[in-house]
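Q: Sequence plus predicted model, see below.
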Amino acid sequence: MTAYTASNLVPMNSLPTTNGVVQRFLVNATNTGNSTYAPDSLGAAPIFGLGGQSLQGDEMVANGIATLVSYIGPLMNAGALCWILVDCAGGARQVAIATQSQHAVQLGQVANLTTGGRLTRTTVYTLIDNVVNASINGGTASPMSTFTTQPETSMWEVQGVGSGGGGGGATGNGESASSGGGAAGSFGWSIFSAAAIDVPVTIGAGGTGGTDDDSGGAVSLGSLLALPGGPGSSAGGTGGVGPTGANVMGFPGEGGGSGSSVSETNSLIILPSGSGGSSKFGWGGQPASGIQQGQVGHVGSGFGAGASGAAGAIDGTAAVNGTAGVLVIREYS
């Protein structure tokens with residue numbers, strides 16, 4: 001408790017019995033919590049902030065000029081006399097709980113914007129040279145294929161995408177053709193409450209491009225979340241497959257674009273390929289186009305993106321692979 005006193009040039013004979021009596025004085029010490037004010041050696045009454053709550057500390061600072069106003073009413077101090085701190089130079093200002101978009105917010109409201117509170121760790125799992133790696137809080141990635149919660153974790157969330165499908169290769173002799181693109185991997189987002197977790201992490205490789213239209217590998221977090229990879233290309237374009245275990249949001253990856261073909265081998269025919277499907281964390285490969293021997297497809301960027309198909313080849317053209325998926329885990333205290 002911090003007790004403040006002051007002497008008026010014209011001393012009060014008694015404490016105020018009405019609202020709006022103003023007192024202004026130089027603060028001699030910073031308050032450390034609940035505070036009172038007693039003018040002219042009269043009785044002390046509690047000081048409240050503009051939010052209608054008792055002071056907590058640092059609202060009134062040494063050598064700052066404080067302005068108090070008397071209040072008697074049902075909002076504070078059970079109707080008995082109290083003083084409202086209107087302002088103190090250099091002191092923290094108390095505000096009421098924000099209920100509208102233009103209101104100032106309390107520190108406690110900001111801390112509770114996420115259910116679990118403060119973000120303590122972010123772990124990003126990726127596939128590097130076919131080995132699952134993890135980067136913690138933006139640090140250098142290193143091999144790690146398990147996820148273990150921290151002791152202080154009260155809530156954690158995970159987002160990720162499966163690996164992208166491979167783009168198709170152009171057909172062999174006898175026709176001019178462009179292949180479809182591979183689909184993107186599915187997206188999933190889940191939130192879990194506090195629990196000690198130690199589970200394996202799987203990051204599948206991107207689908208291999210070619211006539212087999214290889215699907216992308218799955219991304220998974222133990223049995224909690226499974227994100228299938230995007231299917232490989234087909235002449236009609238291919239849609240993705242949805243996730244399992246996504247308790248906030250989940251949806252299939254974008255399908256790859258369609259391919260096309262003609263039965264003649266006219267070297268002047270240009271047939272653009274199908275684009276690769278885009279994921280939540282990556283762009284699909286852009287369509288390829290070419291004549292005669294054709295052009296290979298384009299690899300997508302980022303994570304979980306499908307590759308575009310090969311274009312315009314008469315004698316067959318190689319295809320490219322989808323990109324591997326990713327898993328992002330954020331822990332909150």
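A: In hand now; what should we look at?

Q: Give the residue spans of the stretch 201-333 of the chain that score low on pLDDT.
A: Applying pLDDT under 70 to the stretch 201-333 of the chain flags the ranges 210-213, 234-239, 261-270, 290-294, 312-318.

Q: next one: the stretch 51-200 of the chain
A: Scanning the stretch 51-200 of the chain residue by residue, the ranges that satisfy pLDDT under 70 are 109-117, 167-177, 194.

Q: need the helices for it, in chain order.
A: Assigned by DSSP state H, counting those that start in this stretch, the stretch 51-200 of the chain shows helices spanning 107-111.

Q: all strands for the stretch 1-150 of the chain, in order.
A: Assigned by DSSP state E, counting those that start in this stretch, the strands in the stretch 1-150 of the chain fall at 2-6, 22-26, 35-39, 45-48, 65-71, 82-88, 119-128, 131-136, 142-143, 146-148.

Q: list the buried ones in the fifth one?
A: Taking 16 or more other C-beta atoms under 10 Å as the basis for neighbour counts, the residues of strand 65-71 that come out buried are 66, 68, 69, 70, 71. To be clear about C-beta, it is placed using only N, CA and C from the backbone, and glycine gets the same treatment.

Q: right, and residue 14 touches residue 42 too?
A: Yes. Here residue 14 reaches residue 42: they are 6.9 Å apart, a contact under C-beta atoms under 8 Å.

Q: Give me the more crowded residue out of these two.
A: A direct count of neighbours by other C-beta atoms under 10 Å for residue 14 and residue 42 places residue 42 higher, at 15 against 8.

Q: how about the nearest residue to that one, chain neighbours excluded?
A: Leaving out its chain neighbours, the residue that sits closest to residue 42 by C-beta to C-beta, 6 or more residues apart in numbering is residue 15, at 5.2 Å.

Q: Relative to residue 38, how far out is that neighbour?
A: Summarising the geometry, the distance separating residue 15 from residue 38, computed by C-beta to C-beta, to the nearest Å, is 9 Å.

Q: Need the overlap of contacts for the two.
A: Common neighbours of residue 15 and residue 38 (criterion: C-beta atoms under 8 Å, 6 or more residues apart in numbering): residue 45.

Q: ok, residue 41 touching residue 12?
A: No. Assessed by C-beta under 8 Å, residue 41 is found out of contact with residue 12, at 9.4 Å.

Q: And those two? Which one has more around it.
A: Neighbour totals were compared for residue 41 and residue 12, and residue 12 leads with 14 against 9 (other C-beta under 10 Å).

Q: quick one: the more buried one and residue 150, what's the gap?
A: Distance of residue 12 to residue 150, computed by C-beta to C-beta: 57 Å.

Q: in the sheet, who's paired with residue 155?
A: In this structure, residue 155 bridges to residue 193, residue 332 when assessed by DSSP bridges.

Q: Residues contacting stretch 204-218, please?
A: Under the criterion C-beta under 8 Å, 6+ apart, residues 127, 130, 162-169, 182, 185, 202-203, 219, 226-234, 238, 297, 304, 306-307, 310, 318-325 lie in contact with stretch 204-218.

Q: What remains of those residues if I keep only buried residues?
A: A residue is treated as buried here by neighbour count (16+ other C-beta under 10 Å); on that basis the buried members of those are 127, 162-169, 182, 185, 202-203, 219, 226-234, 238, 297, 304, 306-307, 310, 319-325.

Q: Okay, strands next: where are they in the stretch 201-333 of the chain?
A: Using DSSP E, counting those that start in this stretch, the strands of the stretch 201-333 of the chain run over 219-221, 225-227, 249-251, 260-262, 282-283, 301-302, 326-332.

Q: Please report phi then psi for residue 14.
A: Torsion angles at residue 14 (phi, psi; degrees, to the nearest 10) stand at phi -150, psi 160.

Q: what sits against it?
A: Listed by C-beta under 8 Å, 6+ apart, the contact partners of residue 14 are residue 42.

Q: one more time with 10 Å
A: Residues counted as contacts of residue 14 (C-beta atoms under 10 Å, 6 or more residues apart in numbering) are 40, 42, 43.

Q: Just put the residues you listed in TSV and tack on distance to residue 278 and pLDDT.
A: Supplementary listing: the contacts of residue 14 in TSV, determined by distance: C-beta to C-beta, whole Å; pLDDT from 0 to 100:
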residue	distance to residue 278	pLDDT
40	74	97
42	73	97
43	72	96
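
Q: Would you mind giving those as TSV with distance to residue 34 added?
A: Conversion of the contacts of residue 14 to TSV gives the following (distance: C-beta to C-beta, whole Å):
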residue	distance to residue 34
40	22
42	19
43	16
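
Q: closest to residue 95 among those residues?
A: Nearest to residue 95 among the contacts of residue 14, counting by C-beta to C-beta, is residue 43 at 28.7 Å.
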